[in-house]
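Undergrad: the sequence isn't on hand, but the structure is:
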């Protein structure tokens, strides 16, 4: 065992003394040491219920014959960080989390790791660490939140709070209604109720085989989740015994399976960044174009908020990810999973499968997947859109640019009623380097939707979007403005064409004029010059490469 490095031999007498100080017994030195990395936090709704899951995992590890050690990992709630400078830290925290897991696992010679997670950047950060370490590893996601309720109507965070800001601003909601919605939209623990980033990446983690079957959609607070946590703790010991390490699971086959499931579900565009980062750690080449190639042949079979009116609880009752895998089995590649069985061995016809929530392949919502990758003179290295959340009439749009060099400036214009039908809102210098941290633009996109403009206004950015964004919102435009990408050359009044069907995004300005404008721009001046974000800005790569640290 790897942990023998800290517990075997006379020269390890001091190490053993310190282990005994933690309460480890002599008999436990013969057992595998398991790091239970937990992102419990009182600050994050998705994580406040993790204490009981920690206990379940500990009990499972003990039952399986291992020794569990709880290790804390930081986390950020994107919803709380949204719309202010705190969001600059969200994507950047992914690298901190991966580094933290690596550091503790390596320093303490752990034999295996269980990763208790839930929210947007925490899960991919832990998966990155799993691939980097190549230890036996298993992920437990803490589960989706139940829907809220108000006057007989189901509520979710994005539709009923973020978009409600625009409704209030447009005079369509009273202050009393606003207060009722903000009180009732999020009734308790769990990741926000729609197919936003946290729930999307949980689904992809299960599809990759890094979580036990049923984990992704098992709802927060339910005993099913505690049982999965217990079995995950027990199973990690089995993975150690069978020498099944993370890279035997995270490989080209499992990553392509995850992309297929993402496309079929119509999940968050943030998964493009995260899967590319996970692939890099696993040594798998994952070009941006692959997402689009698979999208062309993967039908979209669910419409969960924001794309439709179903929620994660509906997906759970409809059969969860096992049911989605069953639907997609002809598209999927066989691969090892943390259950110690291959994917094709665990795919079986569910006892119940709700066709209204998970449509059959013969009756999809769309013949194409939920994500599209656009290229053109405005995005030579690509851009990303959640096409499943764009109406058919808005899949082609031409409009005139209104440019803003920060999210705050763009949001201010939206709230002041300065955005009109036919506008293309351009928010730039919010990319990985320029932001820094590639902030999500959920506040302005939700306000636009709430004000009834999502069918007449587009938004493009070198930043990114929440999984809750809907409408013609094009993100990840690469190269970013801070790297002198063409988005930096746009001027107010320029015509911009977005053609999602043909996968094009064009600035209707000649190449020589774009070049002249870019040459006239001053050198990029970092917004933050000290601390972690300053280092991050210097080291981070393009969104087209997953925004990983070089």
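TA: Structure's in. What do you need? Everything numeric in this text was worked out from a predicted model, so none of it was measured.
Undergrad: and residue 480, how far from residue 464?
TA: For residue 480, the distance to residue 464 (C-beta to C-beta, to the nearest Å) stands at 11 Å. No exception for glycine: its C-beta is placed from N, CA and C like everyone else's.
Undergrad: need the overlap of contacts for these two.
TA: Counting by C-beta atoms under 8 Å, 6 or more residues apart in numbering, the residues touching both residue 480 and residue 464 are residue 543.
Undergrad: residue 389 - nearest residue in space that isn't next to it in sequence?
TA: Closest residue to residue 389 apart from its sequence neighbours, by C-beta to C-beta, 6 or more residues apart in numbering: residue 470 at 3.8 Å.
Undergrad: same question for residue 270.
TA: Closest residue in space to residue 270, ignoring its immediate chain neighbours: residue 197 at 4.4 Å, by C-beta to C-beta, 6+ apart.
Undergrad: could you give the number of residues near the one you found?
TA: Neighbours of residue 197 under the rule other C-beta atoms under 10 Å: 29.
Undergrad: how about the one 5 residues further on?
TA: Neighbour count for residue 202, taken as other C-beta under 10 Å: 29.
Undergrad: and if you look at residue 469?
TA: Count around residue 469 with other C-beta under 10 Å applied: 28.
Undergrad: so who does it touch?
TA: Counting by C-beta under 8 Å, 6+ apart, residue 469 has contacts 269, 306, 386, 389, 440, 441, 442, 445, 446.
Undergrad: was I right about the fifth one contacting residue 473?
TA: No - in this structure, residue 440 is not within contact of residue 473 by C-beta atoms under 8 Å, at 10.6 Å.
Undergrad: mutual contacts of those two, please.
TA: Common contacts of residue 440 and residue 473 (C-beta under 8 Å, 6+ apart): residue 465.
Undergrad: the stretch 101-250 of the chain: helices as residue ranges?
TA: For the stretch 101-250 of the chain, applying DSSP state H, counting those that start in this stretch gives helices covering 122-133, 157, 163-169, 175-184, 197-208, 223-241.
Undergrad: hey, least reliable of those by pLDDT?
TA: The weakest mean pLDDT among the helices of the stretch 101-250 of the chain belongs to helix 163-169, with a mean of 90.
Undergrad: the closest residue in space to residue 252 that isn't next to it in sequence in helix, strand or coil?
TA: Residue nearest to residue 252 in three dimensions, not counting chain neighbours: residue 284, with 5.1 Å by C-beta to C-beta, 6+ apart. At residue 284 the chain is in coil, as set by DSSP: H, G, I helix; E, B strand; the rest coil.
Undergrad: let's number from 419 now, not from 1
TA: Renumbered: residue one is now 419, and that last one reads residue 702.
Undergrad: doesn't residue 669 make contact with residue 702?
TA: Yes - using C-beta under 8 Å, residue 702 is in contact with residue 669, at 6.4 Å.
Undergrad: can you give me the distance of residue 562 to residue 688?
TA: Applying C-beta to C-beta to residue 562 and residue 688 gives a distance of 16 Å.
Undergrad: ah, wrong one, I meant residue 845
TA: Residue 845 is 17 Å from residue 688, by C-beta to C-beta.
Undergrad: let me know the pLDDT of residue 573.
TA: At residue 573, the model reports a pLDDT of 97.
Undergrad: so what's the residue count around it?
TA: 22.
Undergrad: which non-adjacent residue is nearest it?
TA: Residue 573's closest residue in space is residue 566 (C-beta to C-beta, 6+ apart), at 3.4 Å.
Undergrad: find the residue at the geometric middle of the chain.
TA: The C-alpha lying nearest the average C-alpha coordinate of the chain belongs to residue 615 (C-alpha atoms, centre = their mean; 3.7 Å).
Undergrad: so for residue 464, which of the helices of the stretch 519-668 of the chain sits nearest?
TA: Of all these, it is helix 615-626 that lies closest to residue 464, at 6.1 Å by C-beta to C-beta.
Undergrad: report all helices and strands that the closest one contacts.
TA: Secondary-structure packing of helix 615-626 (3 or more C-beta pairs under 8 Å, 6 or more residues apart in numbering; DSSP states H and E): helix 540-551, strand 555-559, helix 670-683, helix 688-700, helix 738-745.
Undergrad: if we go to 6 Å?
TA: Under the contact criterion of 3 or more C-beta pairs under 6 Å, 6 or more residues apart in numbering; DSSP states H and E, helix 615-626 touches helix 670-683.
Undergrad: which other residues reach the helix it packs on?
TA: Residues outside helix 670-683 that contact it (C-beta atoms under 6 Å, 6 or more residues apart in numbering): 622, 625-627, 689, 697, 702, 712-713, 716, 719-720, 746, 749-751, 753, 787-788.
Undergrad: where does the stretch 769-918 of the chain have low pLDDT?
TA: Applying pLDDT under 70 to the stretch 769-918 of the chain flags no residue at all.
Undergrad: can you give me the strands in it?
TA: For the stretch 769-918 of the chain, the strands defined by DSSP state E, counting those that start in this stretch cover 789-794, 797-804, 814-822, 841-845, 876-879, 891-892, 913-917.
Undergrad: do you know how far residue 818 is from residue 587?
TA: 23 Å.
Undergrad: swap in residue 895?
TA: Per C-beta to C-beta, residue 895 is found 27 Å from residue 587.
Undergrad: ok, these two, which is more surrounded?
TA: A count of neighbours by other C-beta under 10 Å puts residue 895 above the other of residue 895 and residue 587, at 32 against 16.
Undergrad: give me the three-state assignment for residue 924.
TA: Residue 924 ends up strand, using three-state DSSP.
Undergrad: contact partners for it?
TA: Residues near residue 924 by C-beta under 6 Å, 6+ apart: 794, 795, 915.
Undergrad: now do 8 Å
TA: By C-beta under 8 Å, 6+ apart, the residues touching residue 924 are 794, 795, 796, 914, 915, 917.
Undergrad: understood, closing this out.
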